[in-house]
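okay, structure incoming, though there's no sequence with it:
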């Protein structure tokens, strides 16, 4: 076995990667559980332009290091995988978890932030909100608050609250929410809200187009109100999964007719049990731009 390894490293030094690959296969057949050998294989595949095979070797090395409790070495493998496959969502979550376990909270939060941002962009709202909850539970929110479009700072939230409170339809929306909370509490039901911030004041034609969209997307029991720049929607007996379906349909219909807009959502009772708490939760965790 030692002779095979000697020839392997000689071939690598000579940059004869085809020959090195043959010796690597012989070596790994005898020592398949050696993570350092897997790293050698990854380097050989990369030198030959075989990126996916290199990633496969790195994943194996990662699993072997992690299985033996060598988290720092496993982390280095995960970082290499991310460098080769930046669109891999799973590796972002893996890196975040590992950095948290190694007490590097700021780095963990950064990877969680990137992971959540990707999920939001893909329309996976419920998955994103689960990770946000994990970030909150782990005490990492302070590291990413205000740094990402999906997680606003206290100052930003207060600014938006001041803005929406000036909308002529806000008081009626507030009162409707209070009634819906009372009804949902009495009958142990869920409900959800959607707040939509438009980039400009809505003219009458645009309001008419919005009404047509709402008629197609929403149910008769759903409540909505169109202000100058803000739209308020209440979805009775709708949990966060039903909310995601409604939101995605609405975005699809609105994208072709309207310019820049921002979406904010919340669900009772998971995101809050009173009106102010629900609205603040919706504004803090912005869903889409």
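That came through, no problem. None of the values given here were measured: they were computed from a predicted structure.

can you tell me how far the most centrally placed residue in the chain is from residue 149?
Nearest residue to the geometric centre of the chain (C-alpha atoms, centre = their mean): residue 116, 2.1 Å. According to C-beta to C-beta, to the nearest Å, residue 116 and residue 149 sit 10 Å apart. To be clear about C-beta, it is placed using only N, CA and C from the backbone, and glycine gets the same treatment.

likewise for residue 122?
Look at residue 122 and residue 149: by C-beta to C-beta, they are 14 Å apart.

what's the answer for residue 93, then?
Using C-beta to C-beta, residue 93 is found at 20 Å from residue 149.

which one of those two is surrounded by more residues?
Neighbours per residue (other C-beta atoms under 10 Å) separate residue 93 from residue 149, with residue 93 holding more: 18 against 14.

and the helix or strand in which that one is found, what does it pack against?
Secondary structure from DSSP states H and E places residue 93 in helix 89-101. Counting contacts by 3 or more C-beta pairs under 8 Å, 6 or more residues apart in numbering; DSSP states H and E, helix 89-101 packs against helix 71-84, helix 105-121.

in the next helix-or-strand element following the last one, what's buried?
Remark: after helix 105-121, the chain's next helix or strand is helix 125-137, criterion DSSP H and E. Along helix 125-137, these residues count as buried under the neighbour rule (16 or more other C-beta atoms under 10 Å): 125, 127, 128, 129, 131, 132, 134, 135.

ok, the residue lying closest to the third one once chain neighbours are set aside - contacts?
In this case it means residue 128. Distance criterion C-beta to C-beta, 6 or more residues apart in numbering; nearest residue to residue 128, sequence neighbours excluded, is residue 119 at 3.9 Å. Residues near residue 119 by C-beta atoms under 8 Å, 6 or more residues apart in numbering: 89, 125, 127, 128, 131.

pLDDT averaged over the helix holding residue 93 - what is it?
Mean pLDDT, helix 89-101: 95.

please point out which parts of it sit buried.
Using 16+ other C-beta under 10 Å as the test for burial, helix 89-101 gives 91, 92, 93, 94, 95, 96, 97, 98, 99, 100.

what's the pLDDT at residue 116?
Here, the pLDDT recorded for residue 116 equals 92.

that one against residue 148, yeah?
Yes - counting by C-beta atoms under 8 Å, residue 116 does reach residue 148; the two are 7.2 Å apart.
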